[in-house]
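> generate a structure from the sequence data that follows.
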Amino acid sequence: MTTSQNPLAKFFRQPAIYTTLPSNGDWYPEGALVFDNEKELAVYPMTAKDEMTMNTPDALLNGESTINVIRSCVPGIKDPWMMPVLDLDSIMIAIRIATYGHMMDINVTIPNTEDKVVYNVDLRTAGDKIDKTPFDGYVPAGNVSFKIKPMSYRQLTNLQLRTFEQQRIITQVIDTNELNASQKQEKFAEIFGHMTNLTLANMKESILEVTAEGQTITDRVYIEEFVDNMDGATADKIKKRLDAQKDLGRIQPITITPTKEQIEKGAPASFDAPISMDNSNFFVSRSYLSRLLNLKNILKNLKTQTKI
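As a prediction, this is how the structure comes out:
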């Protein structure tokens, strides 16, 4: 809390940079976002408290640390929980630049070798390469069509936590010697049921409206009942559109070219190395989006694990 009478107020941190959003400010509920300039947000450096927050494991896992830092550093985002996920990487890059500058070291292990190297990445270039294609929320599916929204950070975090829990249970079932093959199969079937429910719940939350025979339905009860009773082909169209958002707003990996000596050790001529910005993903990879929304892959994995 600050007071206008504080003689030190003029030494408080000031905006270091201004940034735009891949979403262009769309998909935020009313009052959740206020631009400082024309479609730009002021970004402040992190405080010492912010930096400590980003190193709190429990807060990282449940998303609270990321939320608190965004509130502190980008006050124009009034409700970060409602921020579309496609804005997350751009915001984290901006906070990082505002705090530490535009260069960042990333640790890379050269494939097929034991070499570990440090690469210096220009985050301004990384930010410029982010896919800022507008999210297309229109999904035609035969006689009906859907308007869906991109996932919010709250939606993402809830799914991460639930998916992480199911992954933990899968590991326990695989490792235990207290269950026979039949009992493990039953457990995997139970887990698959939970994962199916997670996918359907995510789908229901993402659908804003359904249009059929010239009538647009926005009633949540009707929409949820429809999702529970729609055919697989329709569900697959929605899942594919939801899954496609995982690439929007994402930091693109950098291409690494190994040295001649590393290539002689077995390294490829080049490879892509990811740049991770959101610390809450330390526990659950963001690739969960494709795994979570692709039931066929989940089922295939469970069947494979049952045979172990």
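> okay, and the helix or strand of the protein with the least pLDDT?
helix 288-293 (a mean of 40; mean pLDDT, DSSP states H and E).
> would you map the helices across the chain?
Remark: helices assigned in the chain by DSSP state H are 48-53, 57-61, 64-73, 88-100, 123-128, 153-175, 181-206, 220-229, 232-244, 260-264, 288-293, 295-306.
> could the ones you listed go into CSV alongside distance to residue 214 and mean neighbour count?
The C-beta positions use only the backbone N, C-alpha and C, and glycine is treated the same way. Below are the helices of the chain laid out as CSV (distance: least, C-beta to C-beta, whole Å; neighbours: other C-beta atoms under 10 Å):
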stretch, distance to residue 214, mean neighbour count
helix 48-53, 51, 14
helix 57-61, 46, 15
helix 64-73, 41, 21
helix 88-100, 37, 22
helix 123-128, 43, 16
helix 153-175, 30, 17
helix 181-206, 23, 16
helix 220-229, 16, 13
helix 232-244, 18, 16
helix 260-264, 62, 12
helix 288-293, 30, 19
helix 295-306, 32, 14
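> so which of those helices is nearest residue 31?
Taking C-beta to C-beta, helix 64-73 is the member of these nearest to residue 31, at 14.3 Å.
> and the closest one, average pLDDT?
Helix 64-73 shows a mean pLDDT of 92.
> packing partners for it?
helix 48-53, helix 57-61, helix 88-100 (3 or more C-beta pairs under 8 Å, 6 or more residues apart in numbering; DSSP states H and E).
> shouldn't residue 275 be in contact with residue 256?
No - using C-beta atoms under 8 Å, residue 275 is not in contact with residue 256, being 11.4 Å away.
> shaky segments in the chain?
1-4, 57-61, 277-308 (pLDDT under 70).
> may I see the domains of it written out as residue ranges?
Using automatic domain parsing, the domain parsing of the chain gives 15-132+251-282, 138-249+286-306.
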